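1. Quick one: sequence and predicted model below, then my questions.
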2 protein chains.
Amino acid sequence: MSVSKPPSDRTDRKRGAVTLVGAGPGDPELLTLAAVRALQEADVILFDALVAPEILDFARREARTMLVGKTGHGPSCRQEDISALMVKLARSGKRVVRLKGGDPMIFGRAGEEIAACRAAGLPVDVVPGITAAQGAAARLGASLTHRDAARRVQYVTGHDRRGDLPDMNWPSLADPEATTVVYMPVRTLEKLAAQVIAAGLDPATPAVAVARATRPDEEVIAATIGELPAIVAARAPRGPVLVMIGRTLADVAASDAQAGTERTGLRDRRRRA
Amino acid sequence: MSVSKPPSDRTDRKRGAVTLVGAGPGDPELLTLAAVRALQEADVILFDALVAPEILDFARREARTMLVGKTGHGPSCRQEDISALMVKLARSGKRVVRLKGGDPMIFGRAGEEIAACRAAGLPVDVVPGITAAQGAAARLGASLTHRDAARRVQYVTGHDRRGDLPDMNWPSLADPEATTVVYMPVRTLEKLAAQVIAAGLDPATPAVAVARATRPDEEVIAATIGELPAIVAARAPRGPVLVMIGRTLADVAASDAQAGTERTGLRDRRRRA
C-alpha cells in the first residue's frame, strides 16, 4: 500500500522516497495540482518518452531529469533497470519522481515499480493522471458512457510484451453496449478489428483513432471499425495513438464524415485564450 | 463537438459559455490545472452533491454557486431542469461551470448536457477529471492492469435510473483477467455479486469497497467478492462508494486481512505535509 510517513520524516532530506506521477495525456493543463507539487519537490525525475516535454518545465532548475523509455515499440530501458535505478536514487536520499504518460495505474507498469520500492523498504506513493482516453473524450465532446449508447467502458492494450496483439476476451470487446478504448494499437489494429468483428461486433460500429490526444497537433480519424484499420495504415499517424470503439462515438464519426476529412490540430480554449 | 471560438469571442463577457468540469474524486489536490482555471473564471458554478465542498473554494468570491444534485438515490433536480438552467444562464452571458464528481465523460451524464448546449448554439467544452477509481487505485497502490493479473479494466454503474441493478454483460464481468470497477453499487451489491459468481467468477476473487475515495475519511473494506456484500451491508458506509473486483486487488485484500480490520482514514503525504 501507499506507505505513510509522519511529516517529520517527509521533510528529512536524507530520507529518499519515490512518487509515481501521472503526467496525463499531453496538455500540461491536464496535470493535477498534486502532480505539479510532486514535480516541484523532486530531486530527480525519471520520465518516459511519451511525456510531453513542457511538463518537465514544472521541475526545479536544479532537479535532474532522465529519459528512461518507453517509446512504445522502440528501444528503451528494461523495466528491471528502471526499477533498480529508481531504488538506488531513493536509497541515496533523493526524492524521486517517476513520471509516466496518462495514469500510472492504467497500463503504466506501475505494479512492478511499486513492488520494487516496497521490497527495498522505500516509501512510495502514487499521483493519478488523466488518461489519454479521458483527454480525447473531453476534446471530442463524447461521453464514453452516454446512457443511450453504452453501459460499460473498458480499456485494453493493443500490444503485448513483444508488440503482438494480445489474446483478449473477444466477446466482451464485441459487446455493442460497451465503449472500448484500445491503447497503442497501430501495429495490431487490423487484426484486432477482424477479431472483434468475427466475435459479432457490427463492422459499421463507430470507431475513432486519436493521435497525440490533447496536444496542439492532435489528430482525429473517425470512421467505422470496419474501415478504420485501412485509413490508419494509410495515414500512419505519429506519436501515441488510441482507438475508441462504440456507439458513443457516433457524433464524432458523423461530424467527421460531414467535414470529409480528419479533424487535425483541434485545440481547446485554454491554449487559445 | 467541443465548439471552438476565436480568442476575441472568448474574452467577450457578453458571450456566455458552458464548461463541464471534472471535480475528481474528492481531494482538491487531484483537480487539474485546467479545472482550477475554469473555476476561477466562472460566473456561475452548478455543482453536484458529490463534489467535495473544498473544491468550491477555488471559485471567485463573486461567483454564484448552486447545488443541483445528485445525491445518488436521494431527491435531486431533474436532468432536464439542470440542462435548462445551464442553457438559460449561458444565454444571459454567464460563464457557466457545470462541476461534476470524477470525470464528466464517465457515468457523469455529460452527454445530455452537451447535447442541450449544442442544441442552443452555445459554446461548450469539457475538462476531464480523475475518476474515483483512479484516486482509489493510487491510494491503495494497486495497479488496475498489473500485467500478471489483468488484461482489461472496465467501469460499470451499479444502478439504473430507478436505483435497481441494470442488466449487464455478465460474462464480461466474470472474466478473471479483468479488473472491474462498479460505481455506486451499495444497494445492488448483493445481487451483482451473485450474478458475476453465477456467470463463473471465483467467489474468492479479491474485491475492495472504497467509500469517500481520497477524502480524509476514506474507508477501505477489502474482502472477496463472495464475502464483500455482507460486510458492506453491515458497515453501511456513508457517501460515494465504489467496488473494485479482480486479482489486481489481491495485495490490498491480503494486507487488510492481516490487519484484521478495514483501513480507515488513510491520508496521503500531501495532506499531512
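-> Received, thanks.
2. Give me the neighbour count for residue A:130.
-> Applying other C-beta atoms under 10 Å in any protein chain shown, we find 34 other residues in the vicinity of residue A:130. (C-beta placed from N, C-alpha, C; glycine too.)
3. residues contacting it?
-> Residue A:130 makes contacts with A:22, A:24, A:25, A:30, A:32, A:102, A:103, B:32, B:128, B:129, B:130, as judged by C-beta atoms under 8 Å, 6 or more residues apart in numbering or on different chains.
4. In strands, which of those residues fall?
-> If you go by DSSP state E, the contacts of residue A:130 have residue A:22 in strands.
5. So what's the gap between the helix or strand containing residue A:220 and the chain middle?
-> Taking DSSP states H and E as the definition, residue A:220 sits inside strand A:219-224. Centre-to-centre, strand A:219-224 and its host chain are 19 Å apart (C-alpha atoms, centre = their mean, to the nearest Å).
6. Would you mind getting the angle between the helix or strand following that strand and strand A:219-224?
-> Using DSSP H and E, the helix or strand that directly follows strand A:219-224 along the chain is helix A:228-235. Angle of helix A:228-235 versus strand A:219-224, following axes from the mean of the first three to the mean of the last three C-alpha atoms, to 10 degrees, is 150 degrees.
7. Next, the buried residues of helix A:228-235.
-> A:228, A:229, A:231, A:232 (16 or more other C-beta atoms under 10 Å in any protein chain shown).
8. filter these by proximity to chain B?
-> Among the buried residues of helix A:228-235, not one lies near chain B by C-beta under 8 Å from any C-beta of the partner chain.
9. In its sheet, which strands sit next to the strand holding residue A:220, and in what direction?
-> Paired neighbours of strand A:219-224 in the sheet (DSSP bridges): strand A:206-211 (antiparallel), strand A:263-264 (antiparallel).
10. For those strands, give me JSON lines that also has mean neighbour count.
-> As requested, those are exported to JSON lines (neighbours: other C-beta atoms under 10 Å in any protein chain shown):
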{"stretch": "strand A:206-211", "mean neighbour count": "27"}
{"stretch": "strand A:263-264", "mean neighbour count": "16"}
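11. possible to save these as JSON lines with mean pLDDT?
-> Shown next, in JSON lines, are the strands paired with strand A:219-224 (pLDDT from 0 to 100):
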{"stretch": "strand A:206-211", "mean pLDDT": "97"}
{"stretch": "strand A:263-264", "mean pLDDT": "39"}
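12. Out of the ones you listed, which is closest to residue A:81?
-> Proximity to residue A:81, assessed across those by C-beta to C-beta, is greatest for strand A:206-211 (28.8 Å).
13. follow-up on the earlier one: for the buried residues of helix A:228-235, work out which two are farthest apart.
-> A:229 and A:231 (7.4 Å).
14. How about the contacts made by the residue of the stretch 151-273 of chain A found nearest chain B?
-> Proximity of the stretch 151-273 of chain A to chain B (C-beta to the nearest C-beta) peaks at residue A:172, 3.4 Å away. By C-beta under 8 Å, 6+ apart, the contact list for residue A:172 reads A:154, A:178, B:152, B:154, B:169, B:171, B:172, B:175, B:178.
15. So residue A:96: helix, strand or coil?
-> strand (DSSP: H, G, I helix; E, B strand; the rest coil).
16. which stretches of the stretch 101-250 of chain A form strands?
-> Secondary structure of the stretch 101-250 of chain A (DSSP state E, counting those that start in this stretch): strands at A:124-127, A:152-157, A:178-183, A:206-211, A:219-224, A:241-245.
17. Turn the ones you listed into JSON lines, columns for distance to residue A:90.
-> JSON lines is the format used below for the strands of the stretch 101-250 of chain A (distance: least, C-beta to C-beta, whole Å):
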{"stretch": "strand A:124-127", "distance to residue A:90": "8"}
{"stretch": "strand A:152-157", "distance to residue A:90": "28"}
{"stretch": "strand A:178-183", "distance to residue A:90": "28"}
{"stretch": "strand A:206-211", "distance to residue A:90": "35"}
{"stretch": "strand A:219-224", "distance to residue A:90": "38"}
{"stretch": "strand A:241-245", "distance to residue A:90": "32"}
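18. So for residue B:190, which of the ones you listed sits nearest?
-> Judging the strands of the stretch 101-250 of chain A by C-beta to C-beta, what sits closest to residue B:190 is strand A:152-157, at 20.3 Å.
19. Pairing partners for that closest one, with directions?
-> With DSSP bridges as the test, strand A:152-157 is paired with strand A:178-183 (parallel), strand B:152-157 (antiparallel).
20. Let me know which of those is the nearest to residue B:254.
-> Comparing the strands paired with strand A:152-157 by C-beta to C-beta, strand B:152-157 comes nearest, at 20.3 Å.
21. low-scoring stretches of the stretch 1-150 of chain A, by residue?
-> A:1-14, A:70-76 (pLDDT under 70).
22. if we go to 50?
-> Within the stretch 1-150 of chain A, the segments meeting pLDDT under 50 span A:1-13, A:72-73.
23. that older thread, just put the strands paired with strand A:219-224 in JSON lines and tack on distance to residue A:137.
-> Listed next are those as JSON lines, based on distance: least, C-beta to C-beta, whole Å:
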{"stretch": "strand A:206-211", "distance to residue A:137": "9"}
{"stretch": "strand A:263-264", "distance to residue A:137": "14"}
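24. Out of the ones you listed, the one nearest residue B:239 is which?
-> With respect to residue B:239, and counting by C-beta to C-beta, the nearest of these is strand A:206-211 at 34.1 Å.
25. So in chain A, which helix runs the longest?
-> Ordering each helix of chain A by length in residues (DSSP state H) puts helix A:79-91 first.
26. ok, is that helix in contact with chain B or not?
-> No - if you take C-beta under 8 Å from any C-beta as the test, helix A:79-91 misses chain B, and the best it gets is 9.9 Å.
27. Restrict that helix to CA atoms and write it as PDB.
-> C-alpha atoms of helix A:79-91 as PDB (Å, rounded to 0.1, in the frame of the first residue of the first chain):
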ATOM      1  CA  GLN A  79      11.800  -2.500 -16.700                       C
ATOM      2  CA  GLU A  80      14.200  -4.100 -14.200                       C
ATOM      3  CA  ASP A  81      16.800  -1.400 -14.900                       C
ATOM      4  CA  ILE A  82      14.300   1.400 -14.400                       C
ATOM      5  CA  SER A  83      13.200  -0.100 -11.100                       C
ATOM      6  CA  ALA A  84      16.800  -0.600  -9.900                       C
ATOM      7  CA  LEU A  85      17.700   3.000 -10.800                       C
ATOM      8  CA  MET A  86      14.700   4.300  -9.000                       C
ATOM      9  CA  VAL A  87      15.500   2.300  -5.900                       C
ATOM     10  CA  LYS A  88      19.200   3.300  -6.000                       C
ATOM     11  CA  LEU A  89      18.400   7.000  -6.200                       C
ATOM     12  CA  ALA A  90      15.800   6.900  -3.500                       C
ATOM     13  CA  ARG A  91      18.200   5.000  -1.200                       C
END
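28. wait, isn't residue A:229 in contact with residue A:189?
-> Yes - counting by C-beta atoms under 8 Å, residue A:229 sits close enough to residue A:189 to count as a contact (4.7 Å).
29. List the residues that contact residue A:67.
-> By C-beta under 8 Å, 6+ apart, the residues touching residue A:67 are A:47, A:48, A:49.
30. What separation do you get for the last one and chain B?
-> To tie it back to what came earlier, the one meant is residue A:49. Applying C-beta to the nearest C-beta, to the nearest Å, the value for residue A:49 to chain B is 19 Å.
31. Can you classify that residue by secondary structure?
-> With three-state DSSP as the basis, residue A:49 sits in coil.
32. okay, now it: neighbour count?
-> By the measure other C-beta under 10 Å, the count of residues near residue A:49 is 15.
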